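[1] turn this into a structure:
(one chain, ligands or ions: 1)
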Amino acid sequence: MCTSLAFTGRYPCFGRNLDLEASFGEQVVLTPRGVPLTFRCLPRQEAHCAMIGMAHVAGGCPLYAEAVNEKGLYMAGLNFPGNACYFPHVDDGALEAAPYELIPWLLGQCASVAEAEPLLDRLRLLDEPFAPGLPLAPLHWHLSDGKTSLVLEPMAGGLRVYEDPVGVLTNNPPFDFHLTNLRQYLNLTAAAPENRFHPDLSLSPFGQGMGSLGLPGDPSPASRFIRAAFYKWNSPWTDSPDQRLAQFFHVLDGVAMTPGAVRTPTGELDRTLYACCLCPGPDRVDYYYKTEGNSRISAVTMDRAAMAGTELVAVPLRTDQDICWQN
Ligand SMILES: C[C@H](CCC(=O)NCCS(=O)(=O)O)[C@H]1CC[C@H]2[C@@H]3[C@H](O)C[C@@H]4C[C@H](O)CC[C@]4(C)[C@H]3C[C@H](O)[C@]12C
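    Residues are numbered from 1 along each chain as shown. Model prediction:
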């Protein structure tokens with residue numbers, strides 16, 4: 001399972017937990033402007049925006065799980081099994097992209113959600129895998145520019161595009177369910193609760209946190225959506241970049257897998273392989289991450305020189321526990 005977050009407003013920042021039973025060969029991959037982007041049916045992008053994210057590199061091609069571009073446009077793919085529907089190629093003038101092409105294609109050319117929207121209107125997602133050994137991933141996507149966020153869901157009837165006022169995406173069922181489900185929790189509060197049971201009963205809270213009794217604690221997609229939304233919307237989001245980074249990871253930690261707590265149908269453990277926080281700035285983009293086995297935050301930056309490069313840069317993850325001994 002996975003959870004994606006988009007903090008919009010004065011200090012935009014994005015990221016996700018990537019939950020899966022085994023590594024997919026992920027590395028932090030920086031695609032500079034000078035590496036041409038090629039697609040099955042869409043025109044090659046010779047000049048494009050630079051981007052950084054987590055990807056599996058296959059045959060020199062970055063297959064991104066999530067990325068952000070130099071303009072601060074973020075996109076993440078999350079599992080959407082049983083609902084994701086892709087289509088065969090048709091010669092009808094539609095913009096046709098394979099699912100693994102969607103992130104580089106949009107981030108390569110768009111600075112904002114508004115620029116992406118007209119392209120999405122004409123988009124058809126093709127049922128074509130990257131290679132025989134890399135089957136199609138059944139995905140839906142989170143797209144945000146730090147002002148607004150969208151959810152893109154490739155359904156049997158075509159691509160559905162939702163505004164995401166919450167700034168959270170998890171997995172099944174389709175997004176409209178999560179928005180409706182959130183309304184069941186409108187009574188939750190981070191504040192100390194007041195007695196609304198009955199004025200004739202003298203009831204008072206006997207501990208902290210009792211305003212959010214009923215916040216679902218399990219790792220299912222619907223429960224993670226509610227929990228991530230509650231943590232995100234109650235987040236202190238101060239002028240301190242360090243505080244915001246710490247807070248972002250606190251929210252992701254709150255919806256991460258505890259190894260052993262979730263077993264897949266094949267008996268494997270569902271794991272949060274990594275958690276990441278993507279911070280766009282005026283002249284650089286920072287990619288912070290933690291892994292399941294290394295709680296220390298590592299970071300890769302994409303500065304102006306890196307954006308202008310001509311070679312793909314793939315940075316292996318630091319996965320060994322990195323404890324700072326103090327004596
Ligand atoms: C498994 C990942 C999503 C994690 C997730 O949402 N899990 C939820 C599980 S559940 O529904 O709740 O059961 C997805 C997100 C992006 C995917 C990757 C990207 O799409 C890029 C390529 C695409 C290739 O077709 C397959 C390998 C791959 C490298 C994908 C592997 C895998 O499917 C990824 C990593």
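[2] where along the stretch 51-200 of the chain do the strands fall?
    Secondary structure of the stretch 51-200 of the chain, counting by DSSP state E, counting those that start in this stretch: strands at 51-58, 61-69, 74-79, 95-97, 123-125, 139-144, 149-155, 158-163, 168-169.
[3] so the second one, near the ligand or not?
    Spelled out, it's strand 61-69. Yes. Applying Cβ under 6 Å from any ligand atom, one finds that strand 61-69 is in contact with the ligand at 63, 65. Placement of C-beta: from N, CA and C, glycine included.
[4] how far does that strand sit from its chain's centre?
    Relative to its parent chain, strand 61-69 has a centroid offset of 11 Å by Cα atoms, centre = their mean, to the nearest Å.
[5] which elements pack onto that strand?
    Using 3 or more Cβ pairs under 8 Å, 6 or more residues apart in numbering; DSSP states H and E as the contact criterion, the elements in contact with strand 61-69 are strand 13-20, strand 26-31, strand 51-58, strand 74-79, helix 102-109, strand 271-280, strand 284-291.
[6] quick one: pLDDT of G133?
    As predicted, G133 sits at a pLDDT of 88.
[7] from the ligand, how far off is it?
    Taken as Cβ to the nearest ligand atom, to the nearest Å, the spacing of G133 relative to the ligand amounts to 9 Å.
[8] before we move on, back to that, and of the strands of the stretch 51-200 of the chain, who's closest to A114?
    The closest of the strands of the stretch 51-200 of the chain to A114 is strand 149-155. By Cβ to Cβ, the value is 10.4 Å.
[9] coming back round to it: want to throw the helices and strands packed on strand 61-69 into a markdown table with mean pLDDT?
    Listed next are the helices and strands packed on strand 61-69 as a markdown table, based on pLDDT from 0 to 100:
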| stretch | mean pLDDT |
| --- | --- |
| strand 13-20 | 98 |
| strand 26-31 | 98 |
| strand 51-58 | 98 |
| strand 74-79 | 98 |
| helix 102-109 | 98 |
| strand 271-280 | 98 |
| strand 284-291 | 98 |
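[10] need those in a markdown table (columns: distance to V166).
    Conversion of these to a markdown table gives the following (distance: least, Cβ to Cβ, whole Å):
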| stretch | distance to V166 |
| --- | --- |
| strand 13-20 | 14 |
| strand 26-31 | 26 |
| strand 51-58 | 22 |
| strand 74-79 | 14 |
| helix 102-109 | 21 |
| strand 271-280 | 18 |
| strand 284-291 | 22 |
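[11] how about the ones you listed in TSV, adding mean neighbour count and distance to the ligand?
    Compiled in TSV, the helices and strands packed on strand 61-69 are given as follows (neighbours: other Cβ atoms under 10 Å; distance: least, Cβ to the nearest ligand atom, whole Å):
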stretch	mean neighbour count	distance to the ligand
strand 13-20	26	5
strand 26-31	24	7
strand 51-58	24	4
strand 74-79	27	3
helix 102-109	24	8
strand 271-280	25	9
strand 284-291	22	14
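[12] and the strands of the stretch 51-200 of the chain, which is most packed in?
    Greatest average neighbour count among the strands of the stretch 51-200 of the chain goes to strand 168-169 (a mean of 30), per mean count of other Cβ atoms under 10 Å.
[13] returning to what we had before: got a markdown table for the strands of the stretch 51-200 of the chain, with distance to C2 too?
    Output for the strands of the stretch 51-200 of the chain, formatted as a markdown table (distance: least, Cβ to Cβ, whole Å):
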| stretch | distance to C2 |
| --- | --- |
| strand 51-58 | 12 |
| strand 61-69 | 9 |
| strand 74-79 | 4 |
| strand 95-97 | 21 |
| strand 123-125 | 19 |
| strand 139-144 | 10 |
| strand 149-155 | 13 |
| strand 158-163 | 17 |
| strand 168-169 | 8 |
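[14] compare these and give me the one nearest G133.
    Set against G133 and scored by Cβ to Cβ, the strands of the stretch 51-200 of the chain come closest in strand 51-58, at 8.5 Å.
[15] the helices and strands packed on strand 61-69: which one's closest to P88?
    For these, the distance to P88 is smallest for helix 102-109, at 17.0 Å, taking Cβ to Cβ.
[16] can you list contacts of the closest one?
    With Cβ atoms under 8 Å, 6 or more residues apart in numbering as the contact definition, helix 102-109 has outside contacts at 31, 37, 39, 42, 45, 48-49, 51, 53, 62, 64, 66-69, 73, 75, 77, 97, 115-116, 119, 125, 141, 143.
[17] now the angle from it to strand 26-31?
    30 degrees (axes from the mean of the first three to the mean of the last three Cα atoms, to 10 degrees).
[18] how about the residues of the chain that lie near the ligand?
    By Cβ under 6 Å from any ligand atom, the residues of the chain that approach the ligand are 1-2, 18-20, 24, 56, 63, 65, 77-79, 81, 100, 129-130, 134, 136-137, 139, 171, 221.
[19] follow-up on the earlier one: closest one to E268 among the strands of the stretch 51-200 of the chain?
    Evaluated over the strands of the stretch 51-200 of the chain, closeness to E268 peaks at strand 74-79, with 14.6 Å, by Cβ to Cβ.
[20] relative to strand 139-144, how tilted is the closest one?
    Between strand 74-79 and strand 139-144, the angle formed by their directions is 160 degrees, by the same axes, to 10 degrees.
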